[in-house]
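Asker: Mind looking at a prediction? Sequence and model below.
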Amino acid sequence: PGMKEFIWQLPGEELVVTDRSIVYISPIGKIPGKVIITRYRLRFEAKDSQSRGNCNFDIPLGFIYKVEKIGHSTVTRGESNYGLIVHCKDVQYIRFAANQATHSRRPLVEALLKYAFPLSSKLPFYAVLYAKECQRPTINGWTIYEPKKEFARQGVPNELWQYTDINTTYNFADTYPRVLMVPKAAALRSNLHLRLVGEHRSRQRIPVLSWIHPHTQATITRSSQPMAGIMTKKSNDDEMYLRDIVDANANAHQLLIFDARPMMNAKVNRAKGGGFEENYDQCALQFLNIHNIHVVRESLRKLREAIYPRVDEKNYWRMVDESKWLNHIQSIMEGASQIAHDVEQKKCSVLVHCSDGWDRTAQLTSLAMLQLDPYYRTIEGFAVLIEKEWCSFGHKFSQRIGHGEDKPGDSERSPVFLQFIDCVWQIMKLYGHYFEFTSTLLIEILDELYACRFGTFLYNSEKQRIVEHRCHETTISLWSYILENRTKYLNPLYRSQEASVVILMTPSIRHLHVWNEYYGRHNPSVLAPGSEIAKR
Ligand SMILES: CCCC(=O)OC[C@@H](COP(=O)(O)O[C@@H]1[C@H](O)[C@H](OP(=O)(O)O)[C@@H](O)[C@H](O)[C@H]1O)OC(=O)CCC
C-alpha cells in the first residue's frame, strides 16, 4: 500500500485527483485553494490558510448525495458561474468555481461520481479498503452486542419467555434478527402456530420481545402491522399469541397496543392488505399519529431551508414552524414517554408497531428503553440499543440513507434515524446528567452514519450484513472506534448511581429546541478573519 502522502490520510485512503486552481464559494466569500479527492473524502485547503482563518474542510464522500455541474465551459460570465455544487446528506452543500480555460471540472466530477457512489459504480465501499489497511482494533465492536448476553442481562429466558429457533437461518422473517424471544406458551404450542402468526404479520415480523421490566415482568414487544386487509380478516393464531403476551405479565389484564401511525394511514394500509388490531379481546389499541417516511423527508428539507446556507433572521421561526420538524419530534417523544409510563407506572405490557415495524417502531422502542433502563444511557449500552433495535431488527439503513447510490430522488430515503438521534438529544438536554456520554457521541454517530468508513450502518438487515456481505469479517464496527476513543464522549456531570433512574417525561413543545449544534454547525457563526465579503 502506498506511503501516506498527507498526515490526514486514513488507511486505504488512496489519492484520486487534485485540482490546485479552484475557488470555494463559501457563504462568506470566495476562497481560492486546492481540492484533493481520495477514495474516502473530498478535501479543500485554502491557498493562504493562515490569513483566512481555517477554511480547510473535509467531506467524506459518503456525505454526497448529488454532484451538480453549474455553468457551461463556453459561458463567458464571471468564473464563479462555471463549476460544481456538491450536495450533502447533512444540511450543507459546497459550491466550487472551476477554471473555465483548463476545463478542470471534468476530472473532479468524474472522480466524485465514481467514488461517492460505489454501489452505482460497482466498487467496494471504502469501509472494506479501510478495514484491509487498518491494524486490528483492540476492541471488536462487532461483539459489543450479543443478543443472548443482552437478554440474559434483562433476565430472560425465564419461565414465561424463551427463544425460538424459527428464524435461525432467516428463513422465517429475513428482515428480522436470527435470535427471537417469544412467550413460552406460544413456543411450546408449535412452530406451525408461529408460522400462522407470521402469515398474519407483514413480512412475518411477528411480535417479539424488545425489553422486559426487571421487577414487574411488564414487556415491550414490537412487530409489523397485522395483515387484516379490506375484509379486516382476523387470525385466531395472532390473537392467541397476543393473549400469551398478556398472560406472561401477572400485573396486567390487557395488552396496550401502540400503532405509531395516524389512524387514517393505518386504514389506507388496509388497501395494501395491512391494517390494525380491531377489537382483539384483552387488547387496547391506540394510534400515536406519527407521520410516515415521506412526510419526515419533506419536513427536514424545509428545516434545512430555514438554516442553510444562512439563517434568514426575519423568517427563521416561521420557517421552522412550517417545517413541522419539532412537531414530529414531539409526537415521537410523546409516544415513547407514554409507552415508558404505561410499562413503569401501570405495569402493563405493550406492543409497538407501525406499517413495516422498522422505522417508527424502532424510534419508539429505543426511546422508551432509553427512558426505562439506565444501562442504555451508558456508551456501551447505547451501542447495544442501536445494534439491537435498529441494526438487528432491520431498519433499512442502506435505503433510508442511500449509501453509495446515485439516486438523489429515491423516495425510500428518509432521515428516520436522524430523528431518533435528535430525540435523544432533546432528552439529553433535559436530563443530561443521566447520560454517561455527551452530544459529541451523537454527532459522531451521525457523521459515521453517512461516511461509510465502518460496516455498522451498511445494508438493510442483519441477514444482509452478516450472511450476504460478511461485514463482521470485511469491515470494522463503528463501536470499535467509539469505544477506543470513549474519553472523547464522556459526560463530566454523569454519576452512575444517581443516573440509575427511570426518566418519565411529558415532552411539552416548549421544552423542545432546534439542535443547532448539529444543524447549524456549517453556518459561519462569525466572519472568518480576513475573509473578504463576496462582492455583490
Ligand atoms: C392504495 C394504496 C395504499 C397505500 O399505498 O398505502 C401506503 C401508505 C404507506 O404507509 P405509511 O405507513 O404511511 O408509510 C410507510 C411507513 O413510512 C413505513 O415505515 P414504518 O416502519 O414506520 O411503518 C415505510 O417502511 C414504508 O415505506 C412507507 O410506505 O400510504 C399512506 O398511508 C399515506 C396516506 C396519506
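Answerer: Alright, I've got the coordinates.
Asker: Quick check: closest non-adjacent residue to residue 396.
Answerer: In space, and not counting its chain neighbours, residue 396 is closest to residue 460: 4.0 Å by CB to CB, 6 or more residues apart in numbering. For every residue, glycine as well, the C-beta is placed using N, CA and C.
Asker: Count the residues that sit near that neighbour.
Answerer: Residues near residue 460, counting by other CB atoms under 10 Å, number 19.
Asker: so what's it up against?
Answerer: By CB atoms under 8 Å, 6 or more residues apart in numbering, residue 460 lies in contact with 175, 394, 395, 396, 397, 398, 399.
Asker: can the residues you listed go into a markdown table with extra columns for pLDDT, distance to residue 131 and secondary structure?
Answerer: Converted to a markdown table, these look like this (pLDDT from 0 to 100; distance: CB to CB, whole Å; DSSP: H, G, I helix; E, B strand; the rest coil):
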| residue | pLDDT | distance to residue 131 | secondary structure |
| --- | --- | --- | --- |
| 175 | 98 | 25 | coil |
| 394 | 98 | 23 | coil |
| 395 | 98 | 22 | coil |
| 396 | 98 | 23 | coil |
| 397 | 98 | 18 | helix |
| 398 | 98 | 18 | helix |
| 399 | 98 | 23 | helix |
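Asker: out of the residues you listed, who's nearest residue 307?
Answerer: Lowest distance from residue 307 to the contacts of residue 460 (CB to CB) belongs to residue 397, with 24.4 Å.
Asker: Please work out how many residues are found near that closest one.
Answerer: So residue 397, with other CB under 10 Å, has 23 neighbours.
Asker: ditto for residue 266
Answerer: 22.
Asker: and it, what helix or strand is that in?
Answerer: helix 263-268 (DSSP states H and E).
Asker: Residue 194 too?
Answerer: helix 191-199.
Asker: CA atoms of the very next helix or strand once past that helix as CSV?
Answerer: Going down the chain from helix 191-199, the next helix or strand is strand 208-212, by DSSP H and E. In CSV, the C-alpha atoms belonging to strand 208-212 read as follows (Å, rounded to 0.1, in the frame of the first residue of the first chain):
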residue,chain,number,x,y,z
VAL,A,208,-41.2,-10.4,19.7
LEU,A,209,-39.6,-9.2,22.9
SER,A,210,-37.6,-6.0,22.9
TRP,A,211,-37.4,-5.4,26.7
ILE,A,212,-38.7,-6.8,30.0
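Asker: what packs against strand 208-212?
Answerer: helix 147-154, strand 180-183, strand 219-223, helix 360-372 (3 or more CB pairs under 8 Å, 6 or more residues apart in numbering; DSSP states H and E).
Asker: 10 Å instead?
Answerer: Strand 208-212 sits against helix 147-154, strand 161-164, strand 180-183, strand 219-223, strand 349-353, helix 360-372, with contacts defined as 3 or more CB pairs under 10 Å, 6 or more residues apart in numbering; DSSP states H and E.
Asker: and that strand, average pLDDT?
Answerer: With pLDDT averaged residue by residue, strand 208-212 scores 98.
Asker: Distance from the chain centre to it, please.
Answerer: 21 Å (CA atoms, centre = their mean, to the nearest Å).
Asker: the inter-axis angle of it versus helix 360-372?
Answerer: Per axes from the mean of the first three to the mean of the last three CA atoms, to 10 degrees, the angle that strand 208-212 makes with helix 360-372 is 20 degrees.
Asker: any idea of the angle strand 208-212 forms with strand 349-353?
Answerer: Using the same axes, to 10 degrees: strand 208-212 against strand 349-353 is 130 degrees.
Asker: Confirm that the residue nearest to residue 396 sits in a strand.
Answerer: No: assigned with DSSP: H, G, I helix; E, B strand; the rest coil, residue 460 falls outside any strand and is coil.
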